[in-house]
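Asker: make a model of this:
(2 chains, ligands or ions: 3)
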Amino acid sequence: MTQLALVIDLNVCVGCHACVTNCKQWNTSGAAGALTDCNPYEAEPNGTFFNRVQTFEVGQYPKTETVHFPKSCLHCEDPACVPVCPTGASYKRKSDGIVLVDYDKCIGCKYCSWACPYGVREFDEQRKVMTKCTLCVDRIYDMSLPEDRRKPSCVLACPPGARLFGDVHDPESEVSVAIRERGGYTLMPEANTKPANHYLPRRKTTVTVRDEELYRSDNPHKIDGAPFDKNLPPTHEELN
Amino acid sequence: MRPAFSVLLLTTLIGAAQGLFIALFLCELLAPSAATPTLLVGGSVIVLLLSGLGLLASFFHLGHPERAWRSMMMWRTSWLSREVIALPAFMAAAFAYGVAHWLALGHTLLIGVIGVVLSITLFICTGMIYAAVKVLKEWAHPLTLVNFSLLGCASGMTLAAAYASFVAPTLTAPLAQAAFVLTALGLLTRGAALVRNAKLSPASTLQTAIGIRHPHIVQKAQGAMGGSYNTREFFHGKSVGFVRAIVPAFLVLSFALPLLLVLTLPLLAFILQYAGLLAERWYFFAEAKHPQNLYYQGNS
Ligand code: SF4
Ligand code: SF4
Ligand code: SF4
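Answerer: Ligands and ions are numbered 1, 2, ... in the order given. The predicted structure is shown next:
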């Protein structure tokens, strides 16, 4: 069974909102119609987005870290939003695990958005239907695109490459390896929705500097006859 | 959660209609001589009027009311879908019951039994719509079901007493006594829910919401400038003082005053109780804290 998902690396995300704008751009240009923008140039601009980036500050000064947190539908394996839908407009695809809304069936009762613990569904105020991330289902299977472009818009847009896309049920996929090796986790596991999307935690970034990198045989200090520092370990040459 | 006025109207109106129908049927069953056709036919008209208004109000909640028929499709999994089927079925039974009495067609007890079963089914469906939302711990409890049913029955019984005081005075006293008992029971169970919800501790925290285990996390940006669906739908937007004041208000209006008045002035008791139940339903929504609010600390 395939379960497509996004894996978002919080250690890499710089909070640039490129995924937000590219998601909006792609999905507002699609066959399903424009994503609403209300008061785009006024004091209180708001509209429909499938993906948002929030920012949190963790810790207390001076030991703080800024964490940027992209948030979109997690394509849960046991989605709370699907069984409650009275029309069947919300459904989960068996073939690839993507959770979708059929905009032609949705009556806009908003019940699904109550059932989802994560607040990632947005009711579109102009189209009057429930909307959310489609995992760019209209890109990832598009044979007219070159193969390396058959990825979600947000993944392609991310400048530092914080967003990975793939099948989390295939143990050898890039996303599964990342989850396994970099401590991937899911949001609110207590809600029992088994999110398919995973997040990779912040990590301590350390650069290992070995002695021989500081004091190498070709170190200009030596070549130029700079004073020899007795505290430095002997070079490879000197040892032989 | 933001209380949607259409849903407050829907649940209180159909609750009273269902309670009234059960009251009418009990009158026919237990006091066939006193239950005049005027009471039963007129009562059925009121049942249809209230549930029809409720149905109308529910359409205002939908983005696409013209597609409302589609909501009957998923009855296998969705309580909302089941309610959408049960409500018209209940109304059809009430219509048949009224017509059977009006034209003296007979089989009224059989139709009445069907109507009562549908009325109880509808109570279960309405209550389960809320009790089935697992992430809202305030709602996900059998008390939700009990309260929707009891409060509906109580207001319906009060209305039955009020109506009987005009068309079948001999029945007013027993109906008012039944309304008194139901209202008192409703006070107990609604009070139990209030106590339970006051003691609830949330299952999720900001830490589990973003997966960062640190005691000090401050949100700096919510991902939108002028708010979003998330900041509108899940917050009631009223002050703490307002929310605190609504609890004694609905306790007095839906329970205390009707208990005092129902035996003497049932019509006034019903009007006050109905207004109180609107406030009760408002608070039912407002007190439910959705875990998605954790992502919107600026609004929480
Ligand atoms: S994140 Fe919410 S909307 Fe998306 S699949 Fe899970 S429950 Fe449904
Ligand atoms: S808003 Fe649309 S998708 Fe959501 S539960 Fe209602 S009909 Fe289904
Ligand atoms: S997968 Fe597509 S729809 Fe979903 S957040 Fe990314 S760009 Fe938006």
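Asker: quick one: neighbours of A:V137, just the number.
Answerer: Residues lying near A:V137 (other CB atoms under 10 Å in any protein chain shown) number 16. Every residue, glycine included, has its C-beta placed from N, CA and C.
Asker: gap between A:D142 and ligand 3?
Answerer: Distance, A:D142 to ligand 3, by CB to the nearest ligand atom, to the nearest Å: 13 Å.
Asker: what residues are up against that residue?
Answerer: By CB atoms under 8 Å, 6 or more residues apart in numbering or on different chains, the contact list for A:D142 reads A:R150.
Asker: before we move on, what SS does it have?
Answerer: coil (DSSP: H, G, I helix; E, B strand; the rest coil).
Asker: quick one, phi/psi of it?
Answerer: phi -80, psi 110 (degrees, to the nearest 10).
Asker: which residue sits closest to the residue lying farthest from the centre of chain B, ignoring its sequence neighbours?
Answerer: Relative to the centre of chain B, and counting by CA atoms, centre = their mean, the farthest-placed residue is B:H214 at 41.2 Å. Leaving aside its sequence neighbours, B:H214 sits nearest to A:V58 (CB to CB, 6 or more residues apart in numbering or on different chains; 4.9 Å).
Asker: would you agree that neighbour falls within a helix?
Answerer: No. Residue state for A:V58 (three-state DSSP) corresponds to strand; a helix is not indicated.
Asker: contact partners for residue 153?
Answerer: Looking at chain A here, since you left the chain open. So A:S153 contacts A:C19, A:N22, A:C23, A:Q25, A:W26, A:N27, A:C136, A:R139 (CB under 8 Å, 6+ apart).
Asker: wait, chain B
Answerer: B:C153 touches B:G15, B:Q18, B:G19, B:I22, B:L182, B:G186, counting by CB under 8 Å, 6+ apart.
Asker: for A:Y185, give the beta-bridge partners.
Answerer: When assigned by DSSP bridges, A:Y185 has beta-bridge partners A:Y199.
Asker: and it, how far from A:G15?
Answerer: Computed as CB to CB, to the nearest Å, the A:Y185 to A:G15 distance reads 20 Å.
Asker: I'd like to know how many residues surround A:P146.
Answerer: By other CB under 10 Å, 8 other residues sit near A:P146.
Asker: got it, and A:K94?
Answerer: Residues near A:K94, counting by other CB under 10 Å: 8.
Asker: pLDDT wise, what is it at?
Answerer: Predicted confidence (pLDDT) for A:K94: 96.
Asker: which strand or helix spans it?
Answerer: For A:K94, there is no helix or strand it lies in under DSSP states H and E.
Asker: next helix or strand past the one helix or strand B:L151 maps to?
Answerer: If you go by DSSP H and E, B:L151 is part of helix B:142-167. Downstream of helix B:142-167, the next assigned helix or strand under DSSP H and E is helix B:169-199.
Asker: so which bits of that following helix are buried?
Answerer: B:171-172, B:174-176, B:178-180, B:182-183, B:186-187, B:189-190, B:193-194, B:197 (16 or more other CB atoms under 10 Å in any protein chain shown).
Asker: please apply the same query to stretch B:158-170.
Answerer: B:T158, B:L159, B:A160, B:A161, B:A162, B:Y163, B:A164, B:S165, B:V167, B:A168.
Asker: and residue 58, how many neighbours?
Answerer: Picking chain A for this. Neighbourhood size, A:V58 [other CB under 10 Å]: 19.
Asker: I was thinking of chain B, sorry if that wasn't clear
Answerer: Neighbours of B:S58 under the rule other CB under 10 Å: 24.
Asker: how close does the closest residue to it other than its chain neighbours sit to A:P189?
Answerer: Nearest non-adjacent residue to B:S58, counting by CB to CB, 6+ apart: B:L10, 4.5 Å away. In this view, B:L10 and A:P189 are 35 Å apart by CB to CB.
Asker: the two: who's more crowded?
Answerer: Neighbours were counted for B:L10 and for A:P189 using other CB under 10 Å; B:L10 has more, 25 against 13.
Asker: in which helix or strand does that one reside?
Answerer: helix B:5-30.
Asker: now B:H107: closest residue in space, sequence neighbours ignored.
Answerer: Spatial nearest neighbour of B:H107, chain neighbours left out: B:A100 (6.2 Å); criterion: CB to CB, 6+ apart.
Asker: what do you get for B:I120?
Answerer: Leaving aside its sequence neighbours, B:I120 sits nearest to B:S149 (CB to CB, 6+ apart; 7.5 Å).
Asker: still on that earlier bit, how far off helix B:5-30 does the helix holding B:L151 point, in degrees?
Answerer: For helix B:142-167 against helix B:5-30, the angle by axes from the mean of the first three to the mean of the last three CA atoms, to 10 degrees is 60 degrees.
Asker: one step back: in the helix holding B:L10, which residues are buried?
Answerer: For helix B:5-30, by 16+ other CB under 10 Å, it's B:6-28.
Asker: same check, this time on stretch A:89-107
Answerer: A:89-92, A:96-101, A:103, A:105-107.
Asker: surely A:T64 and A:V58 touch.
Answerer: Yes. Under the criterion of CB atoms under 8 Å, A:T64 makes contact with A:V58 at 6.6 Å.
Asker: any weak-confidence spans in chain A?
Answerer: Across chain A, residues meeting the criterion (pLDDT under 70) sit at A:211-240.
Asker: what mean pLDDT does stretch B:107-125 have?
Answerer: Rounded mean pLDDT across stretch B:107-125 is 97.
Asker: name the helix or strand for the residue nearest the centre of chain A, please.
Answerer: Geometric centre of chain A, nearest residue: A:I8, 3.1 Å, by CA atoms, centre = their mean. Per DSSP H and E, A:I8 falls inside strand A:4-9.
Asker: what about the residue in chain A that chain B sits nearest to, neighbour count?
Answerer: Closest contact between chain A and chain B, by CB to the nearest CB, is at A:G108 (2.0 Å). A:G108 sits with 20 neighbouring residues when counted by other CB under 10 Å.
Asker: next: B:R244.
Answerer: Neighbour tally, B:R244, other CB under 10 Å: 10.
Asker: so what's B:L49 up against?
Answerer: Contacts of B:L49 (CB under 8 Å, 6+ apart): none.
Asker: dump the C-alpha coordinates for the helix or strand hosting it into PDB.
Answerer: Per DSSP H and E, B:L49 falls inside helix B:37-59. These are the backbone C-alpha positions of helix B:37-59, laid out as PDB (Å, rounded to 0.1, in the frame of the first residue of the first chain):
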ATOM      1  CA  PRO B  37     -58.300  15.800  18.300                       C
ATOM      2  CA  THR B  38     -57.800  19.500  18.700                       C
ATOM      3  CA  LEU B  39     -54.900  18.800  21.000                       C
ATOM      4  CA  LEU B  40     -53.400  16.100  18.900                       C
ATOM      5  CA  VAL B  41     -53.900  17.700  15.500                       C
ATOM      6  CA  GLY B  42     -53.000  21.200  16.600                       C
ATOM      7  CA  GLY B  43     -50.000  19.700  18.500                       C
ATOM      8  CA  SER B  44     -48.800  17.900  15.400                       C
ATOM      9  CA  VAL B  45     -49.100  21.200  13.500                       C
ATOM     10  CA  ILE B  46     -46.800  22.900  16.100                       C
ATOM     11  CA  VAL B  47     -44.400  19.900  15.900                       C
ATOM     12  CA  LEU B  48     -44.200  20.400  12.100                       C
ATOM     13  CA  LEU B  49     -43.900  24.100  12.400                       C
ATOM     14  CA  LEU B  50     -41.000  23.900  14.900                       C
ATOM     15  CA  SER B  51     -39.100  21.200  13.100                       C
ATOM     16  CA  GLY B  52     -39.700  22.900   9.700                       C
ATOM     17  CA  LEU B  53     -38.300  26.100  11.100                       C
ATOM     18  CA  GLY B  54     -35.300  24.100  12.500                       C
ATOM     19  CA  LEU B  55     -34.800  22.500   9.100                       C
ATOM     20  CA  LEU B  56     -34.900  25.900   7.400                       C
ATOM     21  CA  ALA B  57     -32.400  27.300   9.900                       C
ATOM     22  CA  SER B  58     -30.000  24.400   9.200                       C
ATOM     23  CA  PHE B  59     -29.900  25.400   5.500                       C
END
